[in-house]
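# sequence and computational prediction follow.
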Amino acid sequence: MKNDALYVELGRRYRFAASHRLHTSQLTEAENDRVFGKCNNPYGHGHNYVLEVSLSGKVDPATGMIANLGDLDAFVERHVLEEFDHHSLNEDVAAFREKVPTTENLCIEIYRRLQKFPHAKLERVRIQETGNNSFEYAGNREGHHS
Amino acid sequence: MVFLTRKIEFSASHLYHNPNLSAEENRRIFGKCNNPHGHGHNYTLEVTVAGEPDPVTGMVLDLKELKEILEREVMQRMDHRHLNYEVPELAGQIPTCENIAQVIWRLLEPKITQGKLHRVRLYESPYLFADCYRNGASGAGN
């Protein structure tokens, strides 16, 4: 590759629907209600989440790809979607037994899982909780892009 | 520094096939995208230019000019074309988002004389896109 090589990232989006309740045993009922408002409703509520995964790496001249989409889709399906889609984040995902399943924490948990993808470098995950809220996590470093 | 983004859409067909690989390997690696007669997408291109607004015009660059550059360099080359056969810049390459975004970067960069090309983002669908930068994504943020 010539030394005027460009930097390329691949972005892939996935959808999943899940329910959650924002509640922590570290606060009183009244404080939970004050901090989390409607999101503290005891029976929970749900969102259609959009997960955006960004990868960097060398574009393989034989395939034109940073990572084969089949490999990426299978990895995300196995490590995230199977467990999260149409589930309760609080009840069905061990990481959220103790931690509040805010979308900030969801970003961090999904980043942790996808970091193990073997075929390219995970740059960041971005999650849209609704069309009006989105969150990004790029590991423990500054600087992000969307 | 201000970042300005212009979006355009174009439609084109393509297929993924590497003649150095066997038919079976092509099928395994590229799946449906290896269908010999090709298929198409509605591509969305977002071009971001970074710069300081001109004190007189208040503009990083004239959007009209950017629109004309995109029309000339991208639309006329790629819209309603077959990317494998009709775009010489892609000859010998698999026309993935990653490769098309780099070709578009190289076409646009020398034409943008006010401000600096910061990012080319090319969507093949709402669920798949590639971002291209000169100096990495962690430069000046947007």
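Arrived safely.

# list the contacts of the residue lying closest to residue A:136 once chain neighbours are set aside.
Spatial nearest neighbour of residue A:136, chain neighbours left out: residue A:126 (4.4 Å); criterion: CB to CB, 6 or more residues apart in numbering or on different chains. Heads up, the C-betas are built off the backbone N, CA and C, glycines and all. Neighbouring residues of residue A:126 by CB atoms under 8 Å, 6 or more residues apart in numbering or on different chains: A:51, A:52, A:54, A:107, A:134, A:135, A:136, A:146.

# and residue B:130, that one's in a strand?
Yes: when DSSP: H, G, I helix; E, B strand; the rest coil is applied, residue B:130 is found to be in a strand.

# wait, it sits on residue A:6?
No: in this structure, residue B:130 is not within contact of residue A:6 by CB atoms under 8 Å, at 10.5 Å.

# is stretch B:42-49 positioned near chain A?
No: Stretch B:42-49 is not in contact with chain A by CB under 8 Å from any CB of the partner chain; minimum separation 10.0 Å.

# now that stretch, how far from the chain's geometric center?
Here stretch B:42-49 is found 7 Å from its chain centre; the criterion is CA atoms, centre = their mean, to the nearest Å.

# tell me the buried residues in stretch A:46-59?
With burial defined by 16 or more other CB atoms under 10 Å in any protein chain shown, the residues of stretch A:46-59 counted as buried are A:47, A:49, A:50, A:51, A:52, A:53, A:54, A:55, A:56, A:57, A:59.

# CA atoms only: put that stretch into PDB for me.
These are the backbone C-alpha positions of stretch A:46-59, laid out as PDB (Å, rounded to 0.1, in the frame of the first residue of the first chain):
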ATOM      1  CA  GLY A  46     -38.800  -1.300  26.300                       C
ATOM      2  CA  HIS A  47     -37.000   0.300  23.400                       C
ATOM      3  CA  ASN A  48     -36.100  -0.500  19.800                       C
ATOM      4  CA  TYR A  49     -32.300  -0.100  20.100                       C
ATOM      5  CA  VAL A  50     -30.000   0.500  17.200                       C
ATOM      6  CA  LEU A  51     -26.500  -0.700  17.700                       C
ATOM      7  CA  GLU A  52     -23.800   0.700  15.500                       C
ATOM      8  CA  VAL A  53     -20.500  -1.100  15.500                       C
ATOM      9  CA  SER A  54     -17.400   0.600  14.000                       C
ATOM     10  CA  LEU A  55     -14.300  -1.400  13.000                       C
ATOM     11  CA  SER A  56     -10.900  -0.400  11.700                       C
ATOM     12  CA  GLY A  57      -8.200  -2.400   9.900                       C
ATOM     13  CA  LYS A  58      -6.500  -3.000   6.700                       C
ATOM     14  CA  VAL A  59      -8.800  -3.300   3.700                       C
END
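
# now the strands for the chain?
I went with chain A, as the question did not name one. Using DSSP state E, the strands of chain A run over residues A:7-20, A:45-56, A:87-88, A:121-130, A:133-137.

# chain B, not that one
Using DSSP E, strands in chain B cover B:2-14, B:39-51, B:81-82, B:116-125, B:128-133.

# show me what residue of chain A gets nearest to chain B.
Nearest to chain B in chain A, going by CB to the nearest CB, is residue A:64, at a distance of 3.1 Å.

# OK, contacts around that residue?
Residue A:64 is in contact with B:16, B:93, B:94, B:95, B:96, B:98, B:99, counting by CB under 8 Å, 6+ apart.

# give me the neighbour count for the residue of chain B found nearest chain A.
Here chain B gets closest to chain A at one residue, residue B:94, 3.1 Å apart by CB to the nearest CB. Look at residue B:94: counted by other CB atoms under 10 Å in any protein chain shown, it has 25 neighbours.
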